[in-house]
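Trainee: this is a predicted model, with the sequence first.
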Amino acid sequence: MATNVFHGRDATVSCGATSSAVTKIGSVRKFDVERKQTTIDATSFDSAGDFQGLDNIREWTITSEALTLSTSGTNYAAQALIRSKFATGTRLWFQFLNSTAATGPQKFVGYAYVESWKQSGDLKDVQLQNFAIKGDGALTES
């Protein structure tokens, strides 16, 4: 059996208007945190046909699927904050913690804009609230 690994269920995604007022997004069922580095094409006639690029253009995104909570649900406020910030186009502070364990977890934080928000459901499942955010500046590991 593998040891020193993190269960997906131990992770938390949180948000707030500022870094000092962060609330866990309730009932998260799935998440993806992605960091990418893009190169800018700097190829010229002098490169003899080989690609030349400029590095250090980084971006990050978080996508998540959560159960839609009623207004009386624990951690409903964070879901409502995501919807309101999407509507106004203002950024939020996000925090991703890969484990709530006392030792070994990694925490990633940064400001981001909500790029998309969707609520869906069908007859055989609970209603889901999906959202995607795109970082505004660095995603810092702390």
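Mentor: Perfect, thanks for sending it. On a predicted model such as this, the values are computed, not experimentally measured, just so you know.
Trainee: so where do the strands sit in this protein?
Mentor: 12-16, 23-24, 28-41, 53-67, 92-97, 107-120, 128-135, 140-141 (DSSP state E).
Trainee: correct me if wrong: D136 contacts V114.
Mentor: No. Under the criterion of CB atoms under 8 Å, D136 is not in contact with V114, lying 10.9 Å apart. Heads up, the C-betas are built off the backbone N, CA and C, glycines and all.
Trainee: ok, the residue nearest the centre of the chain to V33 distance?
Mentor: Nearest to the geometric centre of the chain sits I62, at 2.5 Å (CA atoms, centre = their mean). Distance of I62 to V33, given as CB to CB, to the nearest Å: 5 Å.
Trainee: overlap in contacts, these two.
Mentor: Common neighbours of I62 and V33, counting by CB atoms under 8 Å, 6 or more residues apart in numbering, are F96.
Trainee: D136 and V114: who's more crowded?
Mentor: Taking other CB atoms under 10 Å, D136 and V114 do not tie; V114 has more neighbours (23 against 14).
Trainee: so what's the more buried one closest to, chain neighbours aside?
Mentor: F86 (4.0 Å; CB to CB, 6 or more residues apart in numbering).
Trainee: picking up where we left off before, list the contacts for the residue nearest to the centre of the chain?
Mentor: So I62 contacts V13, F31, D32, V33, E34, F94, F96, A112, A132, I133 (CB under 8 Å, 6+ apart).
Trainee: relative to L69, how far out is the residue nearest to the first one when sequence neighbours are not counted?
Mentor: Yep, that's V13 we're talking about. Closest residue to V13 apart from its sequence neighbours, by CB to CB, 6+ apart: I25 at 4.9 Å. Taking CB to CB as the criterion, I25 is separated from L69 by 9 Å.
Trainee: comparing those two, which residue is more hemmed in?
Mentor: Using other CB under 10 Å as the criterion, I25 and L69 rank with I25 on top: 25 against 19.
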